[in-house]
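1. got a structure for you, letters missing:
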């Protein structure tokens, strides 16, 4: 088979060229575009359900897991949710053009202005709603976007992209500004990841394997999102009655998402009463994988394996360890944390302060559920993922983080 | 020869561990450390000159160019400048701990707090003053730092690092927080560039070759700095009398630095009078490589070669092209610019606005010299380089850009 490198490069180039027309589009025009997209999604509900049905049938024949099939499936309420998502992005404040400026002693005016990044490339898996969500955020931040979905959602994504491109065209904008990548071979990811100068940011949205593959081969900037091996440490000065709902909520409210709890660390001084309170809430609902001390105190559960400490279960499974003290909890998190969300329950100010300072994660949560690490919960309105890296964006990645800035230096003949 | 991978990893690990002790050091303690370093540099002037003399002699024997030898050379005033640099960093405002906070409707307090990045790794060439400059900025921003200088400066750098580490130790801090990389083989760069989890940011400070080598092999985040193929476009509505000193200053005041002018674009409508004014200022001083029209109007100079448009001369050489209009100037910059500094001279507001918006560079300068793209000139006090990338930091990289942030989420029992 011939290499498709020139096609991908060509596609990225047309996207880059088209993205220039989005960069300084007036906010009202971008919002009108997003509202038109919402209307179009509602109007094409039956066509979308039909296209999606093809994907679902093919998926069933290919033996996709029921979890994957569920993520692939579009329903009338899910299409309505996509439309509402686009409308919500339309209501967000436009970051582009906002500036900070100062004048230097020589009269030079330095303006630091928010501008779009250019072209985003989103690599994602089954869920077709990611297509609309990513395109909406890209448009509002003035970026072009290359969307590389999975083969399993090809019919759904093709129609969604057609609707998006029709909306662009209806407003006199180039269809190429938002494009689906037709080449869905595994290798196409590697080619895209090295298109420096054409792709300004690559965002893999999916499991740890996908993310690591992109990081290993990329020379373009990558935003690392999502893997959450989250810990919650019950300190000796915790309010144990408050701890129970927090722990149950962190683990059970939606175990398949990245901000759910995976490992519970119990200070030895409170381990016995804490487990006594938790036991009736967890038994027959949560599979506990405990250290010997935990199993002894709990009276049920299975022995934890070494690799469990590093596993994002994404399921009703909880690893539990009794630790000597705050130091040991910090050391455990240092060794096994993924930089996502780490929580402490305590009313001791010094312990809380130390935990906040020493834990190296995008979010350090005190006396609340781990599940609050989320763009919506932070008040950002929409997000494209949770960044677990330190550069550029950390934590929920919203509109603001899909921009960069440049300096406009304005003089009246100054020389140096 | 055995691979030294384990040693480098081990070294990075000790740096990472030690960096935790710098992370939340009180500002006063960091400043005291930097002042002690300044004092130490002055006290050890003769030792530094001696160590540097060894490097310079070895460099001469190895046949280093006179330009490289000059950058390698320490003198009493240069040592004083290093000391003053450390004192200047001590006076900068400490970014660490600064925060923005808001409360959500459910009472959750979201605090976004500036924190250090962790461990920086600086890869640099001959100049020993980079050792002190990088270490000072790393310390003030609470970061550990691995310094990988060049073989040619090994004696100078070893003594400088000893002085830095002595100052750390004298204040009860671990020497390992700032370390020189002993392994100066070419391959050590590749090993360092893949130490994810230990190195939080790698900054190559040097020529285009070094920077590209790091980008190609790195899996850790890299800050791309420095290459400046800067353009200046004289628009039809430019003030030509003001243009002369701006162009001469941009090209001649310090041609070897990244913010100096490399290509002059002249609007056809003003090309003849502009060249007439420039000719006496440039002849016998600047080598002009011109397009045919330029040479015809100027009456002297050499024909430009295709590759000249993409060359950062870093010398008294200027490529000159006559362009049809603003569109052609923008297109030329799109094709040949390096994302550093692009300037326009014009008093036409619409043209200026379009140039500012459409040029994709860290700095777009209007009616002033290109040489103002500089941390000091922007008012940042100190910089570690000019970022030509869009992620995390763009333009002059100062203290602020050597930090990241994390979220502290504080509740009173909230669940979701």
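-> Received, thanks. Note that the structure is predicted; figures quoted are calculated from it, not measured.

2. and the lengthiest helix in chain A, what does it pack onto?
-> Secondary structure of chain A per DSSP state H: the longest helix is helix A:5-23. Helices and strands touching helix A:5-23, by 3 or more Cβ pairs under 8 Å, 6 or more residues apart in numbering or on different chains; DSSP states H and E, are strand A:109-116, strand A:119-124, strand A:144-148, strand A:178-180, helix A:186-192. For every residue, glycine as well, the C-beta is placed using N, CA and C.

3. quick one: it to chain centroid distance?
-> Distance, stretch centre to chain centre, for helix A:5-23: 24 Å (Cα atoms, centre = their mean, to the nearest Å).

4. check stretch A:282-289 too.
-> On the basis of Cα atoms, centre = their mean, stretch A:282-289 sits 28 Å off its chain's mean C-alpha point.

5. distance between the ends of it?
-> Chord length of stretch A:282-289, first to last residue, is 12 Å (Cα to Cα, to the nearest Å).

6. likewise stretch A:54-70?
-> Start and end residues of stretch A:54-70 are separated by 14 Å (Cα to Cα).

7. mind listing what's buried along that stretch?
-> By neighbour count on 16 or more other Cβ atoms under 10 Å in any protein chain shown, the buried set for stretch A:54-70 is A:55, A:56, A:58, A:59, A:64, A:68, A:69.

8. got the contact list for it?
-> A:72, A:73, A:126, A:128, A:152, A:153, A:154, A:155, A:156, A:256 (Cβ atoms under 8 Å, 6 or more residues apart in numbering or on different chains).

9. what about the closest residue in space to the fourth one that isn't next to it in sequence, how many residues close to it?
-> Ranked by Cβ to Cβ, 6 or more residues apart in numbering or on different chains and with sequence neighbours excluded, the top spatial neighbour of residue A:128 is residue A:156, at 4.0 Å. Taking other Cβ atoms under 10 Å in any protein chain shown as the criterion, the count of residues near residue A:156 is 27.

10. close enough to count as contact, residue A:156 and residue A:53?
-> No: using Cβ atoms under 8 Å, residue A:156 is not in contact with residue A:53; the gap is 9.2 Å.

11. show the pLDDT at residue A:256.
-> Model confidence at residue A:256, given as pLDDT, is 89.

12. do stretch A:202-212 and chain B meet at all?
-> No: against chain B, stretch A:202-212 shows no contacts by Cβ under 8 Å from any Cβ of the partner chain, the least distance being 9.8 Å.

13. straight-line length of that stretch, end to end?
-> End-to-end distance for stretch A:202-212: 13 Å, by Cα to Cα.

14. can you give the domain ranges for chain A?
-> A:5-223+A:397-410, A:230-377 (automatic domain parsing).

15. dump those into TSV; add distance to residue B:399 as well.
-> Formatted as TSV, the domains of chain A follow (distance: least, Cβ to Cβ, whole Å):
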stretch	distance to residue B:399
domain A:5-223+A:397-410	16
domain A:230-377	19
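
16. so which of these is nearest residue B:219?
-> Checking these against residue B:219 by Cβ to Cβ gives domain A:5-223+A:397-410 as the closest, at 6.0 Å.

17. list the contacts of residue A:140.
-> Per Cβ under 8 Å, 6+ apart, neighbours of residue A:140: A:30, A:31, A:34, A:89, A:90, A:92, A:94, A:399.

18. ditto for residue A:169
-> By Cβ under 8 Å, 6+ apart, residue A:169 lies in contact with residue A:175.

19. ok, residue A:15 touching residue A:174?
-> No: between residue A:15 and residue A:174 no contact is recorded; they are 9.1 Å apart, counting by Cβ under 8 Å.

20. residues near residue A:114, how many?
-> 18.

21. any idea how far it is from residue A:202?
-> Residue A:114 sits 21 Å away from residue A:202 when distances are taken as Cβ to Cβ, to the nearest Å.

22. helix or strand: which one has the closest residue to chain B within the stretch 151-300 of chain A?
-> The nearest approach of the stretch 151-300 of chain A to chain B comes at residue A:249, 3.7 Å away (Cβ to the nearest Cβ). Per DSSP states H and E: residue A:249 is located in helix A:240-252.

23. by contact count, what packs against that helix?
-> Packed against helix A:240-252 by the contact rule (3+ Cβ pairs under 8 Å, 6+ apart) you find strand A:230-234, strand A:261-267, helix A:268-282, strand A:341-345, strand A:363-368, strand B:403-414.

24. deepest of the ones you listed, which one?
-> Mean neighbours per residue, mean count of other Cβ atoms under 10 Å in any protein chain shown, is largest over the helices and strands packed on helix A:240-252 for strand A:341-345, with a mean of 29.

25. the spatially closest residue to residue A:146 that is not a sequence neighbour: how many residues sit nearby?
-> Using Cβ to Cβ, 6+ apart and skipping residues adjacent in sequence, the residue nearest residue A:146 is residue A:121, 4.4 Å away. The local packing of residue A:121 (other Cβ under 10 Å) involves 29 other residues.

26. just the pLDDT for residue A:121.
-> You'll see residue A:121 listed with a pLDDT of 98.

27. mark which of the contacts of stretch A:54-70 are buried, thanks.
-> Among these, the ones that count as buried by 16+ other Cβ under 10 Å are A:72, A:73, A:126, A:128, A:152, A:153, A:154, A:155, A:156.

28. before we move on, back to that, just give me the neighbour total for the closest residue to the residue of the stretch 151-300 of chain A closest to chain B other than its chain neighbours.
-> Leaving out its chain neighbours, the residue that sits closest to residue A:249 by Cβ to Cβ, 6+ apart is residue B:415, at 3.7 Å. Using other Cβ under 10 Å, residue B:415 has 17 other residues around it.

29. my guess is residue B:415 meets residue A:365, correct?
-> No: look at residue B:415 against residue A:365 with Cβ under 8 Å: they stay out of range, at 11.5 Å.

30. show me the shaky parts of the stretch 251-400 of chain A.
-> Across the stretch 251-400 of chain A, nothing is flagged by pLDDT under 70.

31. actually the stretch 1-150 of chain A, not the one I wrote
-> Applying pLDDT under 70 to the stretch 1-150 of chain A flags residues A:1-6.

32. show me what from it comes close to chain B.
-> A:20, A:23, A:24, A:102, A:104, A:108, A:110, A:117, A:118.

33. report how many residues lie close to residue A:213.
-> Neighbours of residue A:213 under the rule other Cβ under 10 Å: 17.

34. please report how far the closest residue to it other than its chain neighbours lies from residue A:157.
-> Nearest non-adjacent residue to residue A:213, counting by Cβ to Cβ, 6+ apart: residue A:189, 6.7 Å away. Separation of residue A:189 from residue A:157 (Cβ to Cβ): 16 Å.

35. which non-adjacent residue is nearest the residue of the stretch 251-400 of chain A found nearest chain B?
-> As assessed by Cβ to the nearest Cβ, chain B sits closest to residue A:368 within the stretch 251-400 of chain A, at 2.8 Å. Excluding its sequence neighbours, the residue lying closest to residue A:368 (Cβ to Cβ, 6+ apart) is residue B:411, at 2.8 Å.

36. is it true that that neighbour touches residue B:108?
-> Yes: in terms of Cβ under 8 Å, residue B:411 counts as a neighbour of residue B:108; the distance is 5.1 Å.

37. which neighbours do those two share?
-> A:368, A:372.

38. nearest to residue A:11, of the helices and strands packed on helix A:5-23?
-> strand A:178-180 (6.1 Å).

39. may I see the buried residues of stretch A:283-301?
-> For stretch A:283-301, a neighbour-count test (16+ other Cβ under 10 Å) marks A:286, A:288, A:289, A:290, A:291, A:293, A:294, A:295, A:297, A:298, A:301 as buried.

40. and stretch A:226-245, by the same measure?
-> The neighbour-count check on stretch A:226-245 (16+ other Cβ under 10 Å) flags A:226-235, A:237-238, A:242-244 as buried.

41. kindly report the same for stretch A:173-190.
-> Of the residues in stretch A:173-190, A:173, A:174, A:175, A:176, A:177, A:178, A:179, A:180, A:181, A:184, A:188, A:189 count as buried by neighbour count, 16+ other Cβ under 10 Å.
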